[in-house]
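In: 3D, please:
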Amino acid sequence: MSEKSTLKRIFSESYEFFSDISLGGKIAQKIAVKDNKIIAFEFIKHATVIPTAIGQCLHYLSDANKAYIVLLSKEKDFISESTLGILKQNGIGLIISDHEAELIIESKEFNKNNLSVIKEIKKKFITNTKHIKKDVKNHIIEVLKEHSDGLTISDVAKLTGRNRLTASKYLAILEAENIVECNKIAVSKIFRLKKNE
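Out: Residues are numbered from 1 along each chain as shown. Just a heads-up that it's a prediction; the model follows:
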C-alpha cells in the first residue's frame, strides 16, 4: 500500500498531499494540506526509531497544525507504554499501517493560521516541478540557495527529484569546483553553498 493511500484511508476529507516539504527546518516525507491546515507525517519501519521520529515531528509542528508518525503494523507490539505516553504528552499522533491503516493516537491540533506557509509550499512545489528538466548542477545550486543551513545528500536528492547516487556525484563535482562546502556533523555530511569572500 502506498503512503498516500494509507493516509487517504484515515483522512477521507479532500486533503492535497505533497512530498518532501521543508517544515520547521526539516524535510517532511509527506504532508496533507486543506484550507489553512497542515498535517505532517513521518514514516518509519521500526519501533526503535520512534524517538528520532518524535524529534522530527516536533520540528514539523513549528509550521504544522498536526503531526503523525506512521509505523508498519508488524512493529505494533514493540511500542512501549512509556513511548505512547511521550507521544501523547507531545501531541504527536500514531498511525499503524500495512494493508489496513489504524489510528492509534490522535494528534493534538495546534492552532496556527498557515495560509502563508501553504502558499509558499504550493509555490515551491510548482517551481520544483519546473526545475526537474534543468541542468542537475544548477538545480542543486538553486535548492542549496533556498536552504542556507545546509542539506544532507538525501535531502538534496529528495528536493531535486534525483536518486541519492546522482545527488552525491554532483555535490562532489560542485565541491571540487569550490561552489559547495561540506561539513561533517556526527555521521552526516551537510552541504552548503560557499559564501563569496
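In: Surely T48 and F78 touch.
Out: Yes - T48 is within contact range of F78, at 7.4 Å (criterion: Cβ atoms under 8 Å). (C-beta placed from N, C-alpha, C; glycine too.)
In: How many neighbouring residues does the residue nearest to D149 when sequence neighbours are not counted have?
Out: Nearest residue to D149, sequence neighbours excluded (Cβ to Cβ, 6 or more residues apart in numbering): G25, at 6.5 Å. Other residues near G25 number 11, with proximity taken as other Cβ atoms under 10 Å.
In: how does the protein divide into domains?
Out: Domain ranges of the chain: 3-105, 132-193, per automatic domain parsing.
In: now the shortest one: mean pLDDT?
Out: Taken as a whole, domain 132-193 has an average pLDDT of 86.
In: So for I118, which of the domains of the chain sits nearest?
Out: Checking the domains of the chain against I118 by Cβ to Cβ gives domain 3-105 as the closest, at 5.5 Å.
In: Distance from the chain centre to that closest one, please.
Out: Relative to its parent chain, domain 3-105 has a centroid offset of 10 Å by Cα atoms, centre = their mean, to the nearest Å.
In: average model confidence for that domain?
Out: Rounded mean pLDDT across domain 3-105 is 86.
In: circling back to that earlier point, quick check: which of the domains of the chain is buried the most?
Out: domain 3-105 (a mean of 17; mean count of other Cβ atoms under 10 Å).
In: and the most centrally placed residue in the chain, bridged to which residues?
Out: With distances taken as Cα atoms, centre = their mean, the residue of the chain nearest its centroid is A28 (1.4 Å). On the basis of DSSP bridges, A28 is bridged to I21.
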